[in-house]
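**Q** Just a sequence and a predicted model for now, questions to come.
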Amino acid sequence: MDLNNLNSNLLDVLKELGNIGSGNAATALSTMINKRINMRVPQVKILDFKDISEILGDGETPVVGIYFKMSDDIEGNIMFVLSIDSAINLTNMLFGRNDSKNELDDMDMSALSEVGNILSASYVNSLSTLTGLKLKISIPSICVDMAAAILSVPAVQFGQIGENVIFIETQFEEGDKLIKGDLFLIPEVDSFEKILSSLGVIL
Amino acid sequence: MEIVKVGMADFKAIKNIGILTTLGLGSCVGIALYDRNNKIAGLAHIMLPSSSEIKNNSNKAKFADTAIEELIKEMILLGANKKYIVAKLAGGSQMFSFGSNTDILRIGERNVMAAKKKLLEMDVPIVAEDTGGNYGRTIELNCQDGSLIIKTIGHGIKTI
């Protein structure tokens, strides 16, 4: 499948897929922290490797990345990315704290992994229901580092197959703008055909 | 001073003055080559170890082996003399771990090994390296003196 020639119809299908998946994830997040969560319309980004470091703006900005491998019928990755401030605000909400610390401790990291886990699971669950495909996610792995280094992980994985990566990106924002996050669904190119044909799209 | 950005799966060479930089090396490896006598610097940001393991290998800048070859060619075009070229390596870390370390996630280590093997094959001495670990690196290669600045988050800044 040639990613450069995806027609707008297919892109719409992928967007809708992202919409349903991340809609469920946003609901899960909202329930967890009991706050309103706004969600942007998902974007489908087809990127060359050399542009990946700039997908979140400055590639050197420190971010928290929570990474999952997706396997079974669809292979790929799911990644939840938060700015450090957002991660601190989120853990403060989860632990009912009010302090103004500026570092994440082990307990915070563990809580963030679990949040990522719940979001990814609800994303994947709704995809699975929608497509009838079997999907599994790995345990979470969390890392705090430069955005470019974190986003290079899925890129390297797909570098073995092709020259570009598809990110289905959804931005979240908590009602008071204390938490902003990006949820990425990054399926392998081969899995696209499976997803699309399971939805009855004829390529 | 001119700052030239090198993206992922990309390489560039410059002459006399300027800085070559690449942001956020994770498991990728930055291969910095320098000819002190002719003041020519080259930087490659490779993603994968070997072009021979992968079918779709048209992008030469993506692999350690082909990127080193091409970068040296480009430096020679700019006037470098191959016998003066020395190398510095940075990157090759493992950002995420899942306990079992058998798969793709060890790619950083393999990238470093592949780069070293190729440099040895081409008789390019490695004068310094900062590789491994579990954190990202931003590097800057100065064309005037061949120094390589390595910036990290939480692991300091150093020059090699």
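**A** Yep, it's here.

**Q** if I pick residue 151, what's in contact with it?
**A** Picked chain A for this. Contacts of residue A:151 were listed using C-beta atoms under 8 Å, 6 or more residues apart in numbering or on different chains, and they are A:52-53, A:55-56, A:65, A:79, A:81, B:24. Placement of C-beta: from N, CA and C, glycine included.

**Q** Actually, chain B is the one I wanted.
**A** So residue B:151 contacts A:60, B:137-140, B:157 (C-beta under 8 Å, 6+ apart).

**Q** List only buried entries from these.
**A** Among those, those classed as buried by 16 or more other C-beta atoms under 10 Å in any protein chain shown are A:60, B:137-140.

**Q** So which of the residues you listed belong to strands?
**A** Among the buried ones among the contacts of residue B:151, DSSP state E puts B:137-140 in strands.

**Q** and which of those is nearest chain A?
**A** Among those, residue B:138 lies closest to chain A (C-beta to the nearest C-beta), at 5.6 Å.

**Q** That closest one bridge partners, please.
**A** Beta-bridge pairing for residue B:138 (DSSP bridges): residue B:151.

**Q** got the phi/psi numbers for residue A:25?
**A** The phi/psi pair for residue A:25 (degrees, to the nearest 10) reads phi -60, psi -40.

**Q** and the gap between it and residue A:177?
**A** Distance, residue A:25 to residue A:177, using C-beta to C-beta, to the nearest Å: 19 Å.

**Q** between these two, which one's more packed in?
**A** Between residue A:25 and residue A:177, residue A:25 has the larger neighbour count (other C-beta atoms under 10 Å in any protein chain shown), namely 29 against 10.

**Q** Give me the pLDDT value at residue A:147.
**A** Listed pLDDT for residue A:147 reads 90.

**Q** Tell me if I'm right that it and residue A:57 touch.
**A** Yes - taking C-beta atoms under 8 Å as the contact criterion, residue A:147 and residue A:57 are neighbours in contact, 7.5 Å apart.

**Q** which of the two has more neighbours?
**A** Between residue A:147 and residue A:57, residue A:147 has the larger neighbour count (other C-beta under 10 Å), namely 26 against 11.

**Q** check contacts around that one.
**A** So residue A:147 contacts A:53, A:55-63, A:81, B:24 (C-beta under 8 Å, 6+ apart).

**Q** circling back to that earlier point, ok, so of the contacts of residue B:151, who is nearest residue B:127?
**A** Using C-beta to C-beta, residue B:139 is the member of those that lies nearest residue B:127, at 14.7 Å.

**Q** ok, which pair from the ones in strands among the buried ones among the contacts of residue B:151 is furthest apart?
**A** Longest span within those, C-beta to C-beta: B:137 and B:140, 10.5 Å.

**Q** May I see the buried residues of the helix or strand containing residue B:109?
**A** Here residue B:109 sits within helix B:107-121, counting by DSSP states H and E. Buried residues in helix B:107-121, counted by 16+ other C-beta under 10 Å: B:107-116, B:118-119.

**Q** Can you report phi and psi for residue 135?
**A** No chain specified, so I'll use chain A. phi -140, psi 140.

**Q** What of the one 5 residues further on?
**A** Note on residue A:140: backbone dihedrals following degrees, to the nearest 10 are phi -70, psi 150.

**Q** same deal with the one 3 residues further on?
**A** Residue A:143 adopts backbone torsions of phi -150, psi 140, taken as degrees, to the nearest 10.

**Q** partner residues bridging it?
**A** residue A:65.

**Q** tally of neighbours for it?
**A** That count, for residue A:143 with other C-beta under 10 Å as the rule, works out to 21.

**Q** Show me the contacts of residue A:147 that map onto helices.
**A** Using DSSP state H, no member of the contacts of residue A:147 falls in helices.

**Q** Quick one: name the residues of chain A near chain B.
**A** A:48-53, A:59-60, A:62, A:65, A:67, A:69, A:138-139, A:141-153, A:155-157, A:159-163 (C-beta under 8 Å from any C-beta of the partner chain).

**Q** From chain A, how far off is residue B:144?
**A** Distance of residue B:144 to chain A, given as C-beta to the nearest C-beta, to the nearest Å: 23 Å.

**Q** Any chance of the backbone angles for the nearest residue to residue B:98 once chain neighbours are set aside?
**A** Leaving aside its sequence neighbours, residue B:98 sits nearest to residue A:141 (C-beta to C-beta, 6 or more residues apart in numbering or on different chains; 5.5 Å). For residue A:141, the backbone dihedrals (degrees, to the nearest 10) come out as phi -130, psi 130.
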